[in-house]
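Peer 1: Fold the stuff below for me.
(4 chains)
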There are 2 protein chains.
Amino acid sequence: MHVLLVEDDEPVAESLRRGLKRYGFEVDWVTTGAAALAHPGPYDVVLLDLGLPDTDGLDVCKALRGRGDVPIIVISARSDETDRVVGLELGADDYVSKPFGVREVIARIRAVMRRVRPRTPADAGPDRYGTRLTVDRKAARVHLDGAEVALAPKEYDLLAFLTEEPGALMSREQIMEAVWDANWFGPTKTLDVHVAALRRKLAGAITIEAVRGVGFRLEVAGDTP
Amino acid sequence: MHVLLVEDDEPVAESLRRGLKRYGFEVDWVTTGAAALAHPGPYDVVLLDLGLPDTDGLDVCKALRGRGDVPIIVISARSDETDRVVGLELGADDYVSKPFGVREVIARIRAVMRRVRPRTPADAGPDRYGTRLTVDRKAARVHLDGAEVALAPKEYDLLAFLTEEPGALMSREQIMEAVWDANWFGPTKTLDVHVAALRRKLAGAITIEAVRGVGFRLEVAGDTP
DNA sequence: CATCACTTGCGTATCAGTGGGCAGGTACCT
DNA sequence: AGGTACCTGCCCACTGATACGCAAGTGATG
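Peer 2: Coordinates of the predicted model:
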């Protein structure tokens, strides 16, 4: 899964690149429209920032579209409607406005990919974690021992993120970037509250242990015999 | 996946062609009924506009139907019942009225393909959801406990879309794109009203639950064992 | 004139985020 | 090693914001 990331803002690009790599994407990163057009490819999807220094991103979009039908997802700091419409009319497949969460970008990439490959094997049922917990990402539902667990949206997002890679240690910053916004800074106490909610609602099926000074690690109960 | 698009209105055709290509379809585009009949094929599905300049689209439909069993999806500016019925009686497999969302067209193509694939020409019967509700996509009719339910066009479109994948969570944006127009933005409050109408008219047979901040999810009553 | 799509507005429920207090672990100092 | 002060994470309760549900009204269309 090959992604071309066209983004001049380094912190944003770095964050995106890290996030995407964590989800198994190969990422090539260029900072100018010219470089984007010069890059060979082929790519599975192009992430294109509209606010580039050298060229108008819209021209790049048009040029890319002209030379093939690689899916394009436009990133923009401006979130007003005109931009959105212009971007989509030029042939972009989707549009994400800053500030965005890495999770959201990934969801959109997957959505775009699914269009081209409609019947993915991953279309099968919900993911199972251990013997008690299932996460149905298509329906955004969580079941514990067969009974549905009512999770608030943020709680679900958080769980969905942590279960992407059970057992992996996630830093607070990583989690905030993924579930809240890219480039989050400030208090992360909210995270504690939501972690507590998950612990309470999913007691027995998973454990979320805090790693002091770093972040959290989700473990599936009865997973390491 | 090969599609023949018969449509004289260029902007509409262009938009459809782009959209379909993006979803992995091969599209051949002709602007007249004569050209449609002259085109070789074979195609997996024909998208046929009824408002053609040279021929009455209905004649084209009949002619196509006479020479083989390629699935036909009729597109029409007129959305009233009589047209629907006439088109479908002439052998069309489904019916989409303008203005339509690209996603909806794709959903219907897939639905038609799914139905045609297991060749049982006799019973291309209505789809059944649970024990009480049937959606007859060929006739654009909905029955509850055997009795027809009078649905407004938009209500039917919405139901048809939501029942494409029962239990799946659909975001507001997805729904607006599919049932209203591609690339819809702005208020989605209208959606709530139509959802409310479906809930009222189909009470007991289905439940449409809101997922806060995301969208809606249709469930068939007595469907979660 | 009837139907339907859409808007508006209000009541209500839910949720994200915050602050205070508590507990357990950590580091530092003697 | 022992004691202590501090820091981090955890729990509880509160609040402002916001999304949803529905009923009623408006305007367009045939």
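Peer 1: Double-check that residue A:151 belongs to a strand.
Peer 2: No. Assessed by DSSP: H, G, I helix; E, B strand; the rest coil, residue A:151 does not belong to a strand; its assignment is coil.
Peer 1: Mind pulling up the pLDDT for it?
Peer 2: Listed pLDDT for residue A:151 reads 94.
Peer 1: mind listing what the residue nearest to it when sequence neighbours are not counted touches?
Peer 2: With sequence-adjacent residues excluded and distances taken as CB to CB, 6 or more residues apart in numbering or on different chains, residue A:151 is closest to residue A:142, at 5.6 Å. Quick note: C-beta positions are derived from backbone N, CA and C, even for glycine. Applying CB atoms under 8 Å, 6 or more residues apart in numbering or on different chains to residue A:142 gives the contacts A:133-136, A:148-149, A:151, A:156, A:159, A:202.
Peer 1: Is stretch A:178-196 in proximity to chain B?
Peer 2: No. Interface with chain B: stretch A:178-196 contributes nothing (CB under 8 Å from any CB of the partner chain), its closest point being 13.2 Å away.
Peer 1: how far does that stretch sit from the chain's center?
Peer 2: 15 Å (CA atoms, centre = their mean, to the nearest Å).
Peer 1: Quick one: residues in contact with it.
Peer 2: Contacts of stretch A:178-196 (CB under 8 Å, 6+ apart): A:11-12, A:15-16, A:19, A:98-103, A:154-155, A:157-158, A:161, A:172-173, A:175-177, A:208, A:210, A:216.
Peer 1: Equivalent analysis for stretch A:18-26, please.
Peer 2: Contacts of stretch A:18-26 (CB under 8 Å, 6+ apart): A:1-3, A:5, A:27, A:102, A:105-106, A:109, A:164-165, A:177-178, A:182.
Peer 1: Just the strands from chain A, written as ranges.
Peer 2: A:2-6, A:26-30, A:45-49, A:72-76, A:94-97, A:127-129, A:133-136, A:141-144, A:147-149, A:169-171, A:206-211, A:215-220 (DSSP state E).
Peer 1: Among the contacts of stretch A:18-26, pick out the one closest to residue A:74, please.
Peer 2: Using CB to CB, residue A:105 comes nearest to residue A:74 of the contacts of stretch A:18-26, at 11.3 Å.
Peer 1: wait, the closest one sits on residue A:73?
Peer 2: Yes. Between residue A:105 and residue A:73 there is a contact at 7.4 Å, judged by CB atoms under 8 Å.
Peer 1: what touches both of the two?
Peer 2: Taking CB under 8 Å, 6+ apart as the criterion, residue A:105 and residue A:73 both touch A:47, A:96.
Peer 1: between the two, which one's more packed in?
Peer 2: residue A:105 (23 against 20; other CB atoms under 10 Å in any protein chain shown).
Peer 1: residue contacts, the more buried one?
Peer 2: A:16, A:19-20, A:47, A:73, A:75, A:96.
Peer 1: ok, of the residues you listed, which come out buried?
Peer 2: A:16, A:19-20, A:47, A:73, A:75, A:96 (16 or more other CB atoms under 10 Å in any protein chain shown).
Peer 1: quick revisit: DNA strand C: which of the strands of chain A is closest?
Peer 2: Set against DNA strand C and scored by CB to the nearest atom of the strand, those come closest in strand A:206-211, at 9.6 Å.
Peer 1: That closest one and DNA strand C, any residue contact?
Peer 2: No. Strand A:206-211 is not in contact with DNA strand C by CB under 7 Å from any atom of the strand; minimum separation 9.6 Å.
Peer 1: just checking, what packs against that strand?
Peer 2: Helices and strands touching strand A:206-211, by 3 or more CB pairs under 8 Å, 6 or more residues apart in numbering or on different chains; DSSP states H and E, are helix A:189-201, strand A:215-220.
Peer 1: winner for burial among those?
Peer 2: strand A:215-220 (a mean of 19; mean count of other CB atoms under 10 Å in any protein chain shown).
Peer 1: got the angle for it vs helix A:189-201?
Peer 2: For strand A:215-220 against helix A:189-201, the angle by axes from the mean of the first three to the mean of the last three CA atoms, to 10 degrees is 20 degrees.
Peer 1: So which residues make contact with strand A:215-220?
Peer 2: Applying CB under 8 Å, 6+ apart, the contact partners of strand A:215-220 are A:129-130, A:133, A:162-163, A:166-175, A:191, A:195, A:205-211.
Peer 1: Could you identify the buried members of those residues?
Peer 2: Buried among the contacts of strand A:215-220 by 16+ other CB under 10 Å: A:129, A:133, A:162-163, A:170, A:172, A:174-175, A:191, A:195, A:205-206, A:208.
Peer 1: Now tell me which helix or strand of chain A has the poorest mean pLDDT.
Peer 2: Least confident element among the helices and strands of chain A, by mean pLDDT, DSSP states H and E: helix A:81-89 (a mean of 59).
Peer 1: Domain parsing of chain A, as residue ranges.
Peer 2: Domain segmentation of chain A under automatic domain parsing yields A:2-116, A:125-220.
Peer 1: Give me the distance between the two termini of the shortest one.
Peer 2: Using CA to CA, to the nearest Å, the gap from the first to the last residue of domain A:125-220 comes to 19 Å.
Peer 1: Show me what from chain A comes close to DNA strand C.
Peer 2: Chain A comes close to DNA strand C at residues A:150, A:152-155, A:180, A:186-187, A:189-190, A:193-194, A:212, as judged by CB under 7 Å from any atom of the strand.
Peer 1: on that earlier part again, closest one to residue B:32 among the helices and strands packed on strand A:206-211?
Peer 2: helix A:189-201 (59.5 Å).
Peer 1: how much does that closest one deviate in direction from strand A:206-211?
Peer 2: Using the same axes, to 10 degrees: helix A:189-201 against strand A:206-211 is 150 degrees.
Peer 1: roughly how far is helix A:189-201 from the heart of the chain?
Peer 2: Centroid separation for helix A:189-201 versus its chain: 21 Å, with CA atoms, centre = their mean.
Peer 1: Test my guess that residue A:16 contacts residue A:6.
Peer 2: No. Residue A:16 lies out of contact with residue A:6 (CB under 8 Å); the separation is 10.9 Å.
Peer 1: Which neighbours do these two have in common?
Peer 2: residue A:47.
Peer 1: Return the residues of chain A in contact with DNA strand D.
Peer 2: Counting by CB under 7 Å from any atom of the strand, chain A sits next to DNA strand D at A:172, A:189, A:192-193, A:195-196, A:199, A:209-210, A:212-214.
Peer 1: redo that, cut-off 6 Å
Peer 2: A:192-193, A:195-196, A:199, A:210, A:212-213 (CB under 6 Å from any atom of the strand).
Peer 1: Could you double-check that residue A:153 sits in contact with residue B:169?
Peer 2: No. Using CB under 8 Å, residue A:153 is not in contact with residue B:169; the gap is 11.0 Å.
Peer 1: Now for these two: what residues contact both?
Peer 2: By CB under 8 Å, 6+ apart, the residues touching both residue A:153 and residue B:169 are B:211, B:214.
Peer 1: who touches residue A:55 in this structure?
Peer 2: A:32-34.
Peer 1: Write the ChimeraX selection for whichever of those residues are buried.
Peer 2: Per 16+ other CB under 10 Å, the buried members of these correspond to this ChimeraX selection:
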select /A:32,33
